[in-house]
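Enquirer: With the sequence up front, the predicted model follows.
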Amino acid sequence: MPKRSGAAAQGHEPVLRQSEQHDEQEDHLQGEDLDLSSDEDIADGDAVGTSGYEESEDPADGSDSDEDDVREALAEYMEAARAERLADAVGDRELAESSGRYDEAPADSGSDSSEDERPNRNTVGKVPLKWYKDEDHIGYDIEGQMISKKKRGDKLDSLLARNDSKKALRTIYDEYNDEEIVLSKEELAMIMRLRKGQFPHIEVNPYEPYIDYFSGDVDPTPLINAPAPKRRFTPSKWEEKKIVKLVRAIRKGWIKVGKQRPRPQERSVYLLWGDDDQASGKQPNGLTYIPPAKLKLPGHEESYNPPKEYIPTEEEKASHQLLPPEEQPKFIPQAFDCLRHVPHYADFIKERFERCLDLYLCPRVRKKRMFIDPKTLMPKLPKPQDLQPFPTTLSLRFSGHTSRVRSISPHPSGQWLASGSDDGTVRLWEVSTGRCCKISKLDGPVSSVAWCPNPALQLIAAAVGNKVVLLVSGIGGDEVDAAARQACQVSAAAAAAASQQQQLAQWITGADGTGLELVTGQAVKQVTWHARGDYFASVAPTGQTQSVLVHQLSKHTTQNPFRKNRGRVMRVAFHPSKPFFFVATQNAVRIYNLAKQALAKKLIGGSGVISCLAVHPGGDHIIVGSEDKRLAWYDLDLST
C-alpha cells in the first residue's frame, strides 16, 4: 500500500506538471498579445501547483481510506485548475477584485457605465482642460481643494517602466483626474471583444433561440372575408407624385444632396484687456476684432519749452479768440523755464471722459489703405493713326456754298441731304453722287435746317433771322408736293383767331404759294421737328421768356410752353417715342414730361457752355457737345 500510494503520488506529479506547463504556455501567449499576465498571477499559479503537489505528497498509512483521500484530492485539484483556466479566459470579477482594482462600494445594477464604479475626483464639469494648461492644478475636488498636477516622466521613463514591469503595457493615463489606471484582465478582455465587433460581456448570447410568438399556420376562417383590394397589388400614385416632386427639387437645386452642413466653430477665448498689438487673432462672437484708434503722440508744440517758432504771438492769440468755438485750437503752446513750473492740465478729466465715450460708443470700421500709382490709373491712349474707323480717303465733296455752312440735315431715308449757309441759300444734295438738286434763295444767313419726318409732307424747315421758313422740297412727286403746298396754306379762320389773341408768331403764306413763313420777335438759331411731323420747335436764345416756341403745322398755331426759363436756352429736342422734351441751357439739360407738365430729370454737364444736342433714335441716350471741344454721353436709364 505504501508503494501504491507512492505510485499514485508519482503518477499524479506528471499530471501536475502538464497542467502547470499548459497554464504557463497560455499565460505566455496572452502576455505576448495583450500582456494579460502579471507577477501576481504567476505567484498564484505557483502557489496552487505547490499546494497540489504537497497534497499529493501526504504520507499514506497503506489503508484504503488513504487511497480514497488521494483520489478525492486529485479530483478537487483538476476541478480547481479547470475553473482557474475558465476564469482567465472570461475575466472573472472575483479574480479582478483580488488584484485590488475595484472599490468595495456596490455599483448600480441598472447601469452599464464604468463611471458608477469609480466616481471622478475632479469636479470642474465640462470646462475644457486646455484652460488649465498654464496653471499648476487641473481643477478642484468635492471639498474645494485644488488638484495639483503630478509630475509625469518623459518617453524614456515610460520605456524603462514598460521593460521593467508588465503592468505598464496595460496602464492608461486619465487626463481628467490626472492619474494612471491599470486595466484588469476583465477590462482588457472587454476591449478585445469590442475591437472584434462582439459584445463586451461574454455572458451575452447573440444567438439566442428564436421564439415564434405568432403562428405561421393559415386559419381556415379569416377575420375579414372581403377580397383583397386592388391597391395592394398596384404602385401607389401618391408615392409616385412624392418621388417626382423630390426628383424635381434635386434637379433644380432646391434640395442639396451629398453636402454636409459645416460644423459650428467653437468660440475662441481671448484676453479681454490684452495688448492691442497682440489683438489680431481676437474674434469674439465671430466678428473680427478692431482695436481702437490710438491717440496722437505729442510733438514739439506740446513741449514745456518749445521752439520759438511754435509759440504764437499776441496778435495770433487775439485772432484765435475771435474764431468760433469749434474752430479755435484746442491747445496753445506755452514756454516755461523748468518742468516744475508747468501747471496742471485743466482739460485732462474732460479728455479722458471723451476718450472713454469714443471707445465704447463710436463704431469702428476697418479700412484698407491702398497705395496706387496715379500713372497706372491713366488709360493708355492709342496713336491717332491706329484708331479706326477714321476717314483716311475723301469719298465725296459737296461743293457749291460760297460762305460758311451752318447746318446740315439728312433725310429720314438717307438719300438726300439739306444744308444751310451764311450765303443765304438752302441746297438739296443727293448723297450717293454729291449732285446739287435744288437751291432755295432766302433773305439772310441760314442758321439751322431740319427735314420734316412725315413722309407725306416733304418739307424743309430753315431758320433765317427772326423767321422760320418751310420749303417744299419737290422730291416726293406731284401728290406729295400738292399735300405740302396745302399744308403751307394759312386759312382765313386761323388768321382771324391769331389776330384776336396775343400773337407769339405770325403765319404768312409764301409769295409764290410754295412755302410758309413764320415770323417771331427774336432771332431764331435752331429749329427741330417732332417725330410725327406735325409739331416743330424753334429756339431764340435772346428771347428771354419767349426763347422756346412750339408750333403746330396742321392748325397754324404757336404756344409758349415755359413762362420762365432757368438759364439761356441753347438747344431743344423732342423724344422719338415718349412725350419728353429736352431743353439744353448753357450748363445743364432739363427733361420735361409734356403729359404731366413737370420736370422729369436734370442732367448736369461737367464741361463748358453747351453748343449742340443730339438724341438717339431709341431715346435712351443723348450726346451733348460743348464749346471746350468735348462730348458728353448720357445714359437716361442709369443717370439720375
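Expert: Perfect, I can see it now. None of these values were measured; they are calculated from a predicted model. Residues are numbered from 1 along each chain as shown.

Enquirer: Look up how far Glu180 lies from Arg152.
Expert: As judged by C-beta to C-beta, to the nearest Å, Arg152 and Glu180 stand 9 Å apart. From N, CA and C alone the C-beta is placed, and that goes for glycine too.

Enquirer: Between these two, which is the more surrounded one?
Expert: Remark: of Arg152 and Glu180, Glu180 carries more neighbours, 13 against 10, as counted by other C-beta atoms under 10 Å.

Enquirer: so that one makes contact with Ala168?
Expert: No: contact criterion C-beta atoms under 8 Å: Glu180 and Ala168 do not qualify, at 9.3 Å.

Enquirer: pLDDT-wise, which helix or strand of this structure ranks last?
Expert: When the helices and strands of the chain are scored by mean pLDDT, DSSP states H and E, helix 39-56 comes last with a mean of 36.

Enquirer: any residues in contact with both of Arg152 and Glu180?
Expert: Common neighbours of Arg152 and Glu180, using C-beta atoms under 8 Å, 6 or more residues apart in numbering, are Tyr173.

Enquirer: Look at the residue nearest to Leu613 when sequence neighbours are not counted and give its secondary structure.
Expert: Using C-beta to C-beta, 6 or more residues apart in numbering and skipping the chain neighbours, the partner closest in space to Leu613 is Arg571 (4.0 Å). Counting by DSSP: H, G, I helix; E, B strand; the rest coil, the backbone at Arg571 sits in strand.

Enquirer: For Arg571, list the residues it contacts.
Expert: 526, 539, 584, 610-613.

Enquirer: a markdown table for those, including pLDDT?
Expert: Listed next are the contacts of Arg571 as a markdown table, based on pLDDT from 0 to 100:
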| residue | pLDDT |
| --- | --- |
| Gln526 | 91 |
| Val539 | 91 |
| Ala584 | 91 |
| Ile610 | 89 |
| Ser611 | 88 |
| Cys612 | 89 |
| Leu613 | 90 |
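
Enquirer: Inside strands: which ones of those?
Expert: 526, 539, 584, 610-613 (DSSP state E).

Enquirer: Buried only: go through those residues for me.
Expert: Buried residues within the ones in strands among the contacts of Arg571, counting neighbours by 16 or more other C-beta atoms under 10 Å: 526, 539, 584, 610, 613.

Enquirer: Tell me how many other residues crowd Arg193.
Expert: 16.

Enquirer: number of nearby residues for Ile604?
Expert: 9.

Enquirer: If you could redo that for Met570, that was the one I meant.
Expert: 24.

Enquirer: And for the one 3 residues further on?
Expert: Other residues within reach of Ala573, judged by other C-beta under 10 Å, total 22.

Enquirer: check contacts around the residue nearest to it when sequence neighbours are not counted.
Expert: Distances taken as C-beta to C-beta, 6+ apart place Phe582 nearest to Ala573, at 4.4 Å, with adjacent residues excluded. Shown in contact with Phe582 (C-beta under 8 Å, 6+ apart): 572-575, 589-591, 613, 615, 622.

Enquirer: And Phe331, by the same measure?
Expert: Applying C-beta under 8 Å, 6+ apart, the residues near Phe331 are 301-302.

Enquirer: and it, how far is that from Lys317?
Expert: For Phe331, the distance to Lys317 - C-beta to C-beta - is 13 Å.

Enquirer: any weak-confidence spans in the stretch 1-150 of the chain?
Expert: For the stretch 1-150 of the chain, the stretches flagged by pLDDT under 70 are 1-119.

Enquirer: Pro262 versus Trp254, what's the distance?
Expert: In terms of C-beta to C-beta, Trp254 sits 20 Å off from Pro262.

Enquirer: Looking at these two, which is more packed in?
Expert: Trp254 (10 against 6).

Enquirer: what ranges do the strands span in the stretch 151-300 of the chain?
Expert: 171-174, 179-182 (DSSP state E, counting those that start in this stretch).

Enquirer: nope, the stretch 301-450 of the chain is what I was after
Expert: Going by DSSP E, counting those that start in this stretch, the stretch 301-450 of the chain shows strands at 405-410, 416-421, 425-430, 436-441, 446-451.

Enquirer: Quick one: list the elements packing against the third one.
Expert: Using 3 or more C-beta pairs under 8 Å, 6 or more residues apart in numbering; DSSP states H and E as the contact criterion, the neighbours of strand 425-430 among helices and strands are strand 416-421, strand 436-441, strand 446-451, strand 459-464.
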